[in-house]
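Sequence below, structure please.
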Amino acid sequence: MKLYEEVLYFIAGHRRGWVFSSHDLMNRFTRQEADSTLSDLVRKGKIRRVYRGIYDYPKYSEFLNQELSPDIDQIARAFARKFNWRIEISGDSALNMFGLSTQIESRYIYLSDGPNKSYDILGTILEFKNSVLKDIGFKYKESSLLVQSIKTLGKERIKPVVIRKIRKHIDPCMYSKILKDTQASTVWIYETIKQICSES
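Residues are numbered from 1 along each chain as shown. Now for the predicted structure:
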């Protein structure tokens, strides 16, 4: 298999929507092989450069007949892997992703154990703020999103309408994984997650 095909096959194996850097290819290819092939893939329209050194394998909408915008959470995690940061989405940004916040949608904030950094991603500001990370360690991004959004809302604001809104954004196939992943959360937060991750 040619290098070009091998790199594309590796990227495609992560499915549409994956955001990555050459760092994510280092276990399989040399830096020179990765960088040169990624440039070729961008030029041929197979992948998209969303920021210097950051790429995505774009999702495509048949209905809209166009490529969809890159996933900002995937971009944040690609930066974290590239620079070996641990990150945790801020509560307000988590609420924004669930459609429960009045925060401006063009700005997303992540807490990080790395330096303060800000990136303009195709008109959307992605900001990393150095902070003590309290809820890091979840296996799935959905778990972190749920815990941060629920904690930011507060127990008294958890209403049936909120449960329904959040549930719309969670793939049912993730329910059992999230429940196992968040077992050590504060009791009231875990009880809320159980309500969200129910089939009813």
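
Next one: Ser21 relative to Leu38, how far apart?
According to C-beta to C-beta, to the nearest Å, Ser21 and Leu38 sit 9 Å apart. (Each C-beta comes from the backbone N, C-alpha and C, glycine too.)

Can you check which residues contact both of those two?
Shared contacts of Ser21 and Leu38, defined by C-beta atoms under 8 Å, 6 or more residues apart in numbering, are found at Tyr55.

In a helix, Phe128, correct?
No - secondary structure of Phe128 (DSSP: H, G, I helix; E, B strand; the rest coil): strand, not part of a helix.

List the beta-bridge partners for it.
Beta-bridge partners recorded for Phe128 (DSSP bridges): Tyr110, Lys117.

is it true that it touches Gly114?
Yes - Phe128 lies in contact with Gly114 (C-beta atoms under 8 Å); the separation is 6.3 Å.

Those two: who's more crowded?
Phe128 (23 against 16; other C-beta atoms under 10 Å).

picking up where we left off before, out of Ser21 and Leu38, name the residue with the larger neighbour count.
Leu38 (23 against 19).

if I've got this straight, Asp120 is in a strand?
Yes - assessed with three-state DSSP, Asp120 lies in a strand.

Give me the residue at the spatial middle of the chain.
Centroid-nearest residue in the chain: Asp73, 2.6 Å away (criterion: C-alpha atoms, centre = their mean).

Can you give me the distance of the residue lying closest to it once chain neighbours are set aside to Glu62?
Distance criterion C-beta to C-beta, 6 or more residues apart in numbering; nearest residue to Asp73, sequence neighbours excluded, is Lys141 at 6.0 Å. Separation of Lys141 from Glu62 (C-beta to C-beta) stands at 26 Å.

Equivalent analysis for His14, please.
From His14 to Glu62 the distance is 21 Å (C-beta to C-beta).

Would you mind splitting this protein into its domains for me?
Domain assignment for the chain by automatic domain parsing gives 3-59, 72-196.

can you put those in TSV and add mean pLDDT and distance to Gln66?
Listed next are the domains of the chain as TSV, based on pLDDT from 0 to 100; distance: least, C-beta to C-beta, whole Å:
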stretch	mean pLDDT	distance to Gln66
domain 3-59	94	10
domain 72-196	91	14
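
partners of the strand or helix carrying Glu88 in the sheet?
Using DSSP states H and E, Glu88 maps to strand 87-89. When pairs are called by DSSP bridges, strand 87-89 turns out to pair with strand 107-112 (antiparallel).

Compare Lys141 and Glu62 (neighbour count), which wins?
Lys141 (16 against 6).

just to revisit the earlier point, and the strand holding Glu88, how far from the chain's centre?
10 Å (C-alpha atoms, centre = their mean, to the nearest Å).

Same check on stretch 94-111?
13 Å.

Need the contact partners of that stretch.
Under C-beta under 8 Å, 6+ apart, the answer for stretch 94-111 is 72-73, 76, 87-90, 92-93, 123-131, 133, 144-146, 148-149, 152-153, 162, 165-166, 169.

wait, what's in contact with Val19?
Val50, Ile54, Tyr55, Asp56, Pro70, Asp71, Gln74, Ile75, Arg77, Ala78.
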